[in-house]
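A.B. asks: build me a model from this:
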Amino acid sequence: MKSVLLIGLGRFGHHIAMKLDELHHQIMAVDKEERRVEAVLPYVTNAQIGDATNEDFLCSLGVRNFDVCIVAIGDNFQNSLETTSLLKELGAKVVVSRAARDVHAKFLLRNGADEVVYPERQLADWTAIRYTADHILDYIELDGEHAIFEISVPNGWVEKTIGQLDIRKKYDINIMALKHNGVMNLRISPDTYLPKDDTMLVLGDIKSIQKCFHI
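C.D. replies: Take a look at the predicted model:
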């Protein structure tokens, strides 16, 4: 269990609060709009109405005591930048800030953010890839070059073993797991057969995966 300071309770922040609650973390939620704070009360440990660009208010929250601070402000980049900078000045351990564009990310990283997330761009990438290839069921980008794809077992691979296909050597990708009816099998070895109705979680270089599966 971790303690999280979540600042900004729009749609993105609201969904973060719900997921953090599901994961049983302790959450302090902050927004300057009362209605947004009230909307997340069922999911958070504590909540405050206030302006996170106000140093005195932010200081009163005990920033140093949180394992991670998430700046989910999406409607005002100046406020996001000021909040990120103040959090770091006040001794925040880890600051994760939301960015909409690369130029925003650069300023956030220069002014205190340890990590930056792009919810709109990441969802756009996922949607474009997921819905333009029939055999791709999910997609997680790890960095600019590597990703995990959930892919249907190709017809030519069905009932063959991973060792027979020599997948790692031929394609420079790794099968991390098989999934059948929502149940994950992580016990993967060269002797593992690839059933017709299963999907595979494949890890590797994005270009190698695209080439291998004609994405």
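A.B. asks: count the residues that sit near Ile140.
C.D. replies: By other Cβ atoms under 10 Å, 13 other residues sit near Ile140. No exception for glycine: its C-beta is placed from N, CA and C like everyone else's.
A.B. asks: that one and Ser60, how far apart?
C.D. replies: Per Cβ to Cβ, to the nearest Å, Ile140 is found 37 Å from Ser60.
A.B. asks: tell me the pLDDT of the residue located most distally from the centre of the chain.
C.D. replies: Distance to the chain centre peaks in the chain at Gln164, reaching 34.5 Å (criterion: Cα atoms, centre = their mean). pLDDT recorded at Gln164 is 89.
A.B. asks: which stretches in the chain count as helices?
C.D. replies: 11-22, 34-40, 55-60, 77-89, 102-110, 119-130, 162-165, 167-171, 206-213 (DSSP state H).
A.B. asks: of those helices, which stretch is the most buried?
C.D. replies: helix 77-89 (a mean of 21; mean count of other Cβ atoms under 10 Å).
A.B. asks: and that helix, how far out from the chain's middle?
C.D. replies: 21 Å (Cα atoms, centre = their mean, to the nearest Å).
A.B. asks: contact partners of the worst-scoring helix or strand of the chain on mean pLDDT?
C.D. replies: Taking mean pLDDT, DSSP states H and E as the measure, the chain has helix 119-130 as its least confident helix or strand, at a mean of 71. Residues from elsewhere that reach helix 119-130 (Cβ atoms under 8 Å, 6 or more residues apart in numbering): 12, 74, 98, 100, 136-139, 141, 215.
A.B. asks: out of these, which is most surrounded?
C.D. replies: Highest count within the contacts of helix 119-130 by other Cβ under 10 Å belongs to Arg98, 27 neighbours.
A.B. asks: tell me the contacts of it?
C.D. replies: By Cβ under 8 Å, 6+ apart, the neighbours of Arg98 are 8, 12, 71-74, 80, 116-119.
A.B. asks: and the residue nearest to the spatial centre of the chain, what does it touch?
C.D. replies: Compute the mean C-alpha point of the chain, and by Cα atoms, centre = their mean the closest residue is Val117, 7.5 Å away. By Cβ under 8 Å, 6+ apart, Val117 lies in contact with 96-99.
A.B. asks: low-confidence stretches in the protein?
C.D. replies: 126, 129-134, 144, 215 (pLDDT under 70).
A.B. asks: about what we covered before: want to throw the helices of the chain into CSV with distance to Met1?
C.D. replies: Below are the helices of the chain laid out as CSV (distance: least, Cβ to Cβ, whole Å):
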stretch, distance to Met1
helix 11-22, 10
helix 34-40, 18
helix 55-60, 23
helix 77-89, 21
helix 102-110, 27
helix 119-130, 24
helix 162-165, 37
helix 167-171, 37
helix 206-213, 34
